[in-house]
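>>> build the 3D model from these lines:
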Amino acid sequence: MNKKNQSYLFLITLIVFQQANAMCLISGSRKGINIWSVKNWNKIKIPSELKRIGVVKAVAVSPNSKYLVCGLSTAIGKGEIRVWDTKNWTEIKKIKQDEKVKSVAFSTDGEYLASSAVDGKIKIFKVRDWQAIKTLEHKHIVDSVAFDKGGQYFASGSHDGIVKVWDVKSWSKTKTLGEEEFFGSFVCSIAFSPDSKHLAFGPGDEVIKIWKTKGWKIEKTFEDSDEQNIWAIAFSQDGNYFVYGTRFGKIKILDTKTWKQIKTKKALKHEDTVLSIDFSLDGEYMASGSQDKTVKIWSTKNWSEIKTLKLKNDVNSVVFLPLVPETKEQKRLREERLLREQRKKGRTDVIIKTQKN
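A predicted model of the protein is given here:
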C-alpha cells in the first residue's frame, strides 16, 4: 500500500469490552467519533461535538476506562490530542501539537500518556494534570508506540526501521533495535507480550523479529515473502498466540510455545491490507481492521468468523479494552480460568500470579 495515500485515509476503530460479552465499538474517521453497542449493533447517542472533532488518527482508552484520548490532524497540518471523560462524554482537555499525531498509548498503570508524531517526536504526559514531562525523538515518523504490562519498558517504532526501547522510570534509552536488520524499511507495528518477556515488531516488508527483553537477543525471525508487507501484529491476552496481518489481507496465527503456524479450517482473510489486530480482555475474541473498510470479529476457540462490520473508510486500528475496569476479584477469577484452560492444553509451563483482595 502506498504510504503517501495511507496518510490521507483514516478510520480508527476501538472495540471496548464493558463486561463479558458486552462491548461497544468506537470508530473515528475524518468526521469524528461514532459508538455502537456490539450486543445489538445499534448506535449509541453521543454529543454532536464528539462526532465532529476532526480527522482522528489514533485512539486510546485509559486502563481505568475513565478517559478516551483521540490523536488528531487539523486542517492546517498541525496535530491535536483531545481527552474525553467516558462517563458523560464531555471533553476535559485539548492539547495542541506542532505536527500530526500518529499514535497514542497509556502506560499500564495509567500514570502516563504517550503520543507520537510525523516529526519523529514522542511526547510523554502525566495523566494527573496532562502536562508534558518528556520529549523523546527519532529521526523519522513514529508510527507506533507501546508500553509493556510490567511497567518497565516503553518502545517506539519509526520509518527509519529502528525501534527504541526506553526505561519508564528515567525515560533514558535502554536499547536501539533494528539498525542493521531493517535499514531502509519502516516499522509499522510493535507489541510486547503480556508477560513482558518479548518485544515483536513488524516492518513494511516481509520480516518479523521477536526479541527477548532479557538481554535483548533475537529469539525468532519470520519471513513471509509471499505476503510482502506486514502491517499488523499482536499477542493474545494469555500470550499463547502471536498473530500478524499482511498486505494481501491474510491473518496468520502462531503458537508462541513452538512459533509454528496454527492450521485453521478456513483461512482468516480480508479483501485488502490488514492494518490492525487485537484481542479482547477475556481472550474469547480477536478483531482485525482492514483497508477493505471492514472490522472482522473472530472466535479464538476455533478461529471462525463471528461478525463482519462494514464501514465507509479504511479501518486503521482496532483494540479491545474494558469500559468498566476489572475488580481484583474479577481479575483473579479470569486469570485462574485462563490457567486452567492452558493446563488442559498441556501448557504446564504457564504460571499466572494473582492478587488477593
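
>>> W216: neighbour count?
For W216, the neighbour count with other Cβ atoms under 10 Å is 13. The way it works is simple: take the backbone N, C-alpha and C, and place the C-beta from them, glycine included.

>>> give me the nearest residue to it, chain neighbours excluded.
K175 (5.0 Å; Cβ to Cβ, 6 or more residues apart in numbering).

>>> my guess is that neighbour contacts V165, does it?
Yes: counting by Cβ atoms under 8 Å, K175 does reach V165; the two are 4.4 Å apart.

>>> overlap of the contact sets of the two?
W216 (Cβ atoms under 8 Å, 6 or more residues apart in numbering).

>>> return the residues in contact with E284.
By Cβ under 8 Å, 6+ apart, the residues touching E284 are S299, T300, K301.

>>> how about K197?
So, once contact is read as Cβ under 8 Å, 6+ apart, K197 ends up touching K212, T213, K214.

>>> tell me which of K175 and V165 has more neighbours.
Taking other Cβ under 10 Å, K175 and V165 do not tie; V165 has more neighbours (21 against 16).

>>> okay, now the unreliable bits of the stretch 51-200 of the chain?
Where the stretch 51-200 of the chain drops to pLDDT under 70, the residues are 179-184.

>>> K263: neighbouring residues, count only.
Neighbours of K263 using other Cβ under 10 Å come to 7.

>>> repeat for the one 10 residues further on
Other residues lying near T273 total 22 when counted by other Cβ under 10 Å.

>>> how much space between E219 and T246?
In this view, E219 and T246 are 21 Å apart by Cβ to Cβ, to the nearest Å.

>>> so these two - more neighbours on which side?
Between E219 and T246, counting by other Cβ under 10 Å, T246 is the more crowded of the two (22 against 13).

>>> pLDDT wise, what is that one at?
Reported pLDDT at T246 in the predicted model: 89.

>>> and what of the one 4 residues further on?
We have a pLDDT of 94 for K250.

>>> any idea how far it is from A287?
Taking Cβ to Cβ as the measure, K250 falls 16 Å from A287.

>>> do the same with I218
For I218 relative to A287 (Cβ to Cβ), the value is 29 Å.

>>> and for Y241?
Here Y241 is placed at a distance of 14 Å from A287 (Cβ to Cβ).

>>> how about I33?
I33 sits 17 Å away from A287, going by Cβ to Cβ.

>>> do S304 as well
From S304 over to A287 the distance is 14 Å, taken as Cβ to Cβ.

>>> between those two, which contacts overlap?
Common neighbours of S304 and A287, counting by Cβ under 8 Å, 6+ apart, are W298.
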